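>>> I'd like to go over a predicted model; first the sequence, then the structure.
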Amino acid sequence: MKRVTARLATAVLAAVVGGGLGVFALTPASAGAAVKSAPVTTMVVTKAAAKACATGKYQKQVEAYIKKIGGYGTVTVDGKQSAADCAAIVKFQKRFGIQPAAGLAGPTTYKVAQRLAWTNTASCKAKKTGITFCVDLSHQTTFVMKDGKVYLKPTVTRTGMDGYETPAGTFKINKRTKKEWSDPYKVWLPYWQRFIGGRGFHQTTTYIHDMWRGSHGCVNLLQADAAKYYSIGKIGSTVKVFGRRPGT
């Protein structure tokens, strides 16, 4: 029975370490030590490992950007993962649809946080009264201003790829439907708000962080953002598109 218990404890520990929760070294028991202590030690290691996520390559940069953006909890900018840092990064990843939302400060989380932190809402030059939808092509972000002040903070977007660029300029929303069928691309476009030609805001139909895809000129949004934009917009709402998407 003691041998079975020891083997079980070893298997559990291997699963914990292999699952990426952390690497811990246990001092082997001496030949005369009691085997029954192994399961207790394993439980302690599991709880300790579960307190924080793995440390990513861009840990310190992500910490700094998330702290600047604000709203995701307490973050310490030191490049060291902690339970609080982990929780903030996971919350950030879930908000912006980054997969997997496991708290690792990888390249996608880094780029998204950087784009959001670097977005200057004043660059939109929004109207002093009413709603202005702003699209920053340079940072691939979008936000909403009301009466000249930030109404919805910057979020991620994906605009037209090379050859299908989303044009810069000032436009008006001229058509709105909760679900529009795209004849050229044979796909439904949820929360459609057209502002020029066949281009408009809509929920993305693919993973928005696959930036190599680009759009065919539309402003792709996450589901939550597309729904929110639709609830705010109306025929005649102002849309200001500025900057230039990298690579176009």
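That came in fine, so what should we check first? Residues are numbered from 1 along each chain as shown.
>>> CA atoms for contacts and neighbours, from now on please.
Noted.
>>> the strand ranked longest in the chain: how far from the chain's middle?
The longest strand of the chain (DSSP state E) is strand 187-196. In this view, strand 187-196 has its centroid 22 Å away from the chain centroid, taken as CA atoms, centre = their mean, to the nearest Å.
>>> next one: stretch 160-170
For stretch 160-170, the gap between its own C-alpha mean and the chain's C-alpha mean amounts to 23 Å (CA atoms, centre = their mean).
>>> please point out which parts of it sit buried.
The neighbour-count check on stretch 160-170 (16 or more other CA atoms under 10 Å) flags Gly160, Met161, Asp162, Glu165, Thr166, Pro167, Thr170 as buried.
>>> tell me what the first one is bridged to.
It refers to Gly160. Beta-bridge pairing of Gly160 under DSSP bridges involves Ser215.
>>> my guess is it contacts Met211. True?
No: the pair Gly160 and Met211 fails to qualify as a contact (CA atoms under 8 Å) at a distance of 10.1 Å.
>>> geometric centre of this structure: which residue is closest?
In the chain, the residue lying closest to the centroid (CA atoms, centre = their mean) is Phe96, at 2.8 Å.
>>> neighbours of the closest residue to it other than its chain neighbours, how many?
Nearest in space to Phe96, with sequence neighbours left out and distances taken as CA to CA, 6 or more residues apart in numbering, is Val156 at 7.0 Å. Using other CA atoms under 10 Å, Val156 has 24 neighbouring residues.
>>> can you tell me how far Val156 sits from Asp85?
Between Val156 and Asp85 the distance, using CA to CA, to the nearest Å, works out to 21 Å.
>>> for the host helix or strand of Asp225, packing partners?
Secondary structure from DSSP states H and E places Asp225 in helix 223-232. Using 3 or more CA pairs under 8 Å, 6 or more residues apart in numbering; DSSP states H and E, the elements in contact with helix 223-232 are strand 187-196, strand 199-203.
>>> got the buried residues for that helix?
Those buried within helix 223-232 under the rule 16+ other CA under 10 Å are Gln223, Asp225, Ala226, Ala227, Tyr229, Tyr230.
>>> helix or strand right after it?
Counting by DSSP H and E, the next helix or strand C-terminal to helix 223-232 is strand 238-242.
>>> pull up the pairing partners for that next one, direction included.
When DSSP bridges is applied, strand 238-242 pairs with strand 131-136 (parallel), strand 169-172 (antiparallel).
>>> same list (those) but as CSV, adding mean pLDDT.
As requested, the strands paired with strand 238-242 are exported to CSV (pLDDT from 0 to 100):
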stretch, mean pLDDT
strand 131-136, 98
strand 169-172, 98
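>>> out of those strands, which gets nearest to Val75?
Ranking the strands paired with strand 238-242 by distance to Val75, with CA to CA as the measure, places strand 131-136 first at 26.8 Å.
>>> who touches the helix holding Asp225?
Under the contact criterion CA atoms under 8 Å, 6 or more residues apart in numbering, helix 223-232 has outside partners Thr155, Lys178, Pro190, Tyr191, Trp192, Gln193, Phe201, His202, Gln203, Thr204.
>>> again, 6 Å this time
Outside of helix 223-232, the residues within contact range by CA atoms under 6 Å, 6 or more residues apart in numbering are Tyr191, His202, Gln203.
>>> this structure: helices as residue ranges?
Assigned helices in the chain, in chain order: 2-18, 37-49, 59-69, 83-95, 107-118, 223-232 (criterion: DSSP state H).
>>> quick revisit: send me the helix holding Asp225 as CSV with only the CA atoms.
Included here for helix 223-232 are C-alpha records, laid out as CSV according to Å, rounded to 0.1, in the frame of the first residue of the first chain:
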residue,chain,number,x,y,z
GLN,A,223,-18.2,40.7,-30.6
ALA,A,224,-18.6,42.8,-27.4
ASP,A,225,-17.2,45.9,-29.1
ALA,A,226,-19.3,45.4,-32.3
ALA,A,227,-22.5,45.1,-30.2
LYS,A,228,-21.6,48.2,-28.1
TYR,A,229,-20.8,50.2,-31.2
TYR,A,230,-24.1,49.2,-32.7
SER,A,231,-26.0,50.3,-29.6
ILE,A,232,-24.4,53.7,-29.8
